[in-house]
Structure formats: structure tokens, C-alpha cells
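> One predicted model, sequence on top.
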Amino acid sequence: MSKRISLTRYLVEQQRVNGHIPAQLRLLLEVVSRACKRISFEVNKGALGGVLGAAGSENVQGEVQKKLDIIANEVLIEANEWGGHLAAMASEEMEGIYLVPNRYPQGEYLLLFDPLDGSSNIDVNVSIGTIFSVLEKPQDQRGVTVDDFLQAGAKQVAAGYCIFGPQSTLALTVGNGVAMFTLDREQGSFVLIEDGVKIPEDTKEFSINMSNMRHWDPAVRRYIDECLQGEDGPRGKNFNMRWIASMVADIHRILTRGGIFMYPWDKREPHKPGKLRLMYEANPMGWLIEQAGGAATNGRQRILEVQPTQLHERVSVIMGSKNEVERVQRYYAEYDAEQQAVSA
Ligand SMILES: O=P(O)(O)OC[C@H]1O[C@](O)(COP(=O)(O)O)[C@@H](O)[C@@H]1O
Ligand SMILES: [Mg+2]
Ligand SMILES: [Mg+2]
């Protein structure tokens, strides 16, 4: 039987052998993975555990909260607040930041999370997940503020997600490629299933909510129009489409077999840059995708270089197989040049 490598062992190797992560970060990631395990068990209870359905409240973004959104948020906070590795946390489900209470030891990291991604899929038994991102607390003696969190995605020191599907699988990067671990429920531990995950540079599969087509901008329309024309169009090949409506599941598929995922700006709410959140959805996913050889952009700028100005900032998202993402970027550049020429 081949040797099984647990997440714990992988992290120890990242720390000791490769010197990639300090001990504090290793311990923090252990705690996050334990929280993901707890959430996985809660998710699996479904109707039997009374965890389905709406909670009867709204989050800061005006979205109806599901019971599991709140349960997952509490699990992550409870697991992480006393460990001594963190200074503060931020979540999709909380308006402000959560400071580690004074009664617990204070750490050097900031943790951001989307505790339950794909909330609309909870009640219909479709894959959902937890997304997380770790930043370093800026070095100074002040107490932590929201401004400390407003760092570009390129500053992340760890990022990942745990998908709760037919299997619970945790994908992780500490800046040394992407590794995936599946939860062995009998052993109670995450076991390495793939290291050095690589996304093919080309693809024949796109992922976008087609019902928004009439609201997109011309660059995205052009790209999707050409995909839809298949063999008869300029791309000369047929494309397939997948939309799970859980970013975590769509990105997991792309990390597994390639593809392009888009949730672009659209004109329904023109003042918003996009639907997805920069700091705890696009940044961690963007870094994972890049670490697997893919690309992540808002059409005009690399996502990891977007300087956040708000905790719950939104962003237009185009990520996945490199050549396709670069093509969409090119279409944006061509469209912008045309617009400039018209207005000159
Ligand atoms: O309802 P739509 O347009 O299909 O949107 C689906 C998108 O919304 C999200 O569910 C937002 O995440 P939350 O469930 O964490 O709010 C993404 O995971 C997904 O890509
Ligand atoms: Mg989400
Ligand atoms: Mg969520």
C-alpha cells in the first residue's frame, strides 16, 4: 500500500524540510483544517441535524443567512480564537472585524473567511464549501484595525478552501504550489491526494451564469459568443458549459481538470465592481489558481494586485486556464482601445 501523508505531516514538512512556513502558521492551518472537519460533519447531518433552512436574519451585504452560514462562522471563530496564532478575523457573515479577546494569547496573523460558500445550494444537497485566506498582521504596537486587513491578495501567506461534496476535500497553498487532501472519515484526518496540482493552459469548458448574459459588458459577451459558436466560429472547437453556483465547486473542478470561471461586472448594479467578494473569495481562489499555473484577473488587472479599500469589497472575477483568461484580458484591452479611439 502506498504511504499516506496526512495534512499534519505535510504541514510539518513545509515547515521543517522546506522552511516554507513558520511554526505559528503551521499551527494556525491545523486549527483551520480542524474547523473545516467540524463544518463537514455539520453539513453532513442535513435535515437530520436540523442544520438546513434559513436562519431568519441577514448579513451585512443584505443577503439572507442560512443556518449553516451562521454555524460555520461560529465554528471557525470558536476554533481559532484561543489558539494563540491570530490577532483578528474577518468573515462574510460579520460586518466588522473580530478581535481575539484579551483573555487569549495574541498571535501575528489575520484570518479571513467565507464560512459557507454556495449558500443557495445547501438545501438542495449540492456541493458547498469554506474559503479562507491568511495575512500577516502589520508589525506595529497598535491594536488591530480594519486597515490592517486591507492588503492586496499578493500578500497572502496561506489560502485554501474545503469543499463539502461527495468527499470533503481541502485545497491549500502556502506559496509552494497547491496540495489537496481528502477527509478520511474513519481516521478523522485529511490525507494528501495530490501535490503540485496543475491546471491545463487550454480548455473547452467555461463556467458563467448565462442568465446574466444581457447585462455583461462587450468583452465578456464577445468571449462567450465565440465559445458558443463552437467548431463553426473563430475558436474552431466546441465548448461545454458548467455552472454549479458554488464558487468553491466551480473552482475545484477547474483545479481538477481546467476551465475558465467568470463572475464579471454587469450593468444591473453598475456601481458594484462585481458580485464576488475580493478578500475572502477572489483573493484566496485567485492565488490557488495562480499557484496551479492558471491566471486570475478582473479583466484589466491581476486580482492579486487589486488594492482593497473595504473589508467586504467586491470584484469582477475571471480565472482559470491561462490561455483563456489571457484571451478575455485581450478582449478587454481591445474594447478599451476602441472606446478610446471613439472618444478621441
Ligand atoms: O446566484 P448566482 O448568480 O448563480 O451566483 C452564484 C455565486 O454566488 C456565490 O454563491 C456567493 O457565495 P455565498 O454563498 O458565500 O454568498 C458563489 O459561490 C457563486 O459563484
Ligand atoms: Mg461565497
Ligand atoms: Mg458565504
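Noted; the coordinates are in hand. This one's a predicted model, so the numbers in the text were calculated from it and none came from an experiment. Residues are numbered from 1 along each chain as shown. Ligands and ions are numbered 1, 2, ... in the order given.
> anything in stretch 52-70 near ligand 2?
No: if you take Cβ under 5 Å from the ion as the test, stretch 52-70 misses ligand 2, and the best it gets is 9.5 Å. C-beta: built from backbone N, CA, C; applies to glycine.
> As CSV, could you dump the C-alpha coordinates of that stretch?
Taking Å, rounded to 0.1, in the frame of the first residue of the first chain, the C-alpha atoms of stretch 52-70 are listed here in CSV:
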residue,chain,number,x,y,z
LEU,A,52,-30.9,23.2,6.8
GLY,A,53,-33.0,26.3,6.0
ALA,A,54,-32.9,30.0,6.7
ALA,A,55,-31.7,31.5,9.9
GLY,A,56,-34.2,34.4,9.7
SER,A,57,-31.5,37.0,9.6
GLU,A,58,-29.5,39.0,7.0
ASN,A,59,-25.7,39.6,6.8
VAL,A,60,-24.0,43.0,6.3
GLN,A,61,-24.4,42.5,2.5
GLY,A,62,-28.2,42.2,2.8
GLU,A,63,-28.2,38.5,2.0
VAL,A,64,-30.5,36.1,3.8
GLN,A,65,-28.4,34.0,6.1
LYS,A,66,-28.8,30.2,6.2
LYS,A,67,-28.4,28.3,9.4
LEU,A,68,-25.2,26.8,8.1
ASP,A,69,-23.7,30.2,7.3
ILE,A,70,-24.0,31.0,11.0
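> Any part of that stretch near ligand 3?
No: Stretch 52-70 lies out of reach of ligand 3 by Cβ under 5 Å from the ion, never closer than 5.8 Å.
> neighbouring contacts of that stretch?
Residues outside stretch 52-70 that contact it (Cβ atoms under 8 Å, 6 or more residues apart in numbering): 42-43, 46, 50-51, 92-95, 115-116, 119, 122-123, 128, 312.
> Which one of the residues you listed is nearest to ligand 1?
S119 (3.7 Å; Cβ to the nearest ligand atom).
> just to revisit the earlier point, can you pick the most crowded of the contacts of stretch 52-70?
L116 (31 neighbours; other Cβ atoms under 10 Å).
> So that residue: helix, strand or coil?
Put simply, L116 is strand when judged by DSSP: H, G, I helix; E, B strand; the rest coil.
> Model confidence at it, what's the number?
Here the pLDDT value assigned to L116 is 97.
> before we move on, back to that, contacting ligand 3 as well, which ones from the contacts of stretch 52-70?
Near ligand 3, judged by Cβ under 5 Å from the ion, the entries from the contacts of stretch 52-70 are E92, L116.
> between the contacts of stretch 52-70, which is closest to P105?
M94 (21.7 Å; Cβ to Cβ).
> from what I can see that closest one touches N73, true?
Yes: M94 is within contact range of N73, at 7.0 Å (criterion: Cβ atoms under 8 Å).
> Run through the helices of the stretch 51-200 of the chain in chain order.
Secondary structure of the stretch 51-200 of the chain (DSSP state H, counting those that start in this stretch): helices at 67-81, 146-149.
> Reformat those as JSON lines; add mean pLDDT, mean neighbour count and distance to V191.
As requested, those are arranged in JSON lines below (pLDDT from 0 to 100; neighbours: other Cβ atoms under 10 Å; distance: least, Cβ to Cβ, whole Å):
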{"stretch": "helix 67-81", "mean pLDDT": "96", "mean neighbour count": "21", "distance to V191": "20"}
{"stretch": "helix 146-149", "mean pLDDT": "97", "mean neighbour count": "17", "distance to V191": "32"}
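> Out of the ones you listed, which gets nearest to M180?
M180 sits nearest to helix 67-81 of all the helices of the stretch 51-200 of the chain, at 20.3 Å, using Cβ to Cβ.
> can you tell me if that closest one touches ligand 1.
No: applying Cβ under 6 Å from any ligand atom, one finds helix 67-81 separated from ligand 1 by no less than 7.5 Å.
> and that helix, how far from the chain's centre?
17 Å (Cα atoms, centre = their mean, to the nearest Å).
> Report the contact partners of the closest residue in space to G160 that isn't next to it in sequence.
Using Cβ to Cβ, 6 or more residues apart in numbering and skipping the chain neighbours, the partner closest in space to G160 is L172 (4.0 Å). Contacts for L172 (Cβ under 8 Å, 6+ apart) come out as L7, L29, A158, A159, G160, V178, A179, M180, F181.
> so P264 sits right up against K272, yeah?
No: in this structure P264 lies outside contact range of K272 using Cβ under 8 Å: 11.5 Å.
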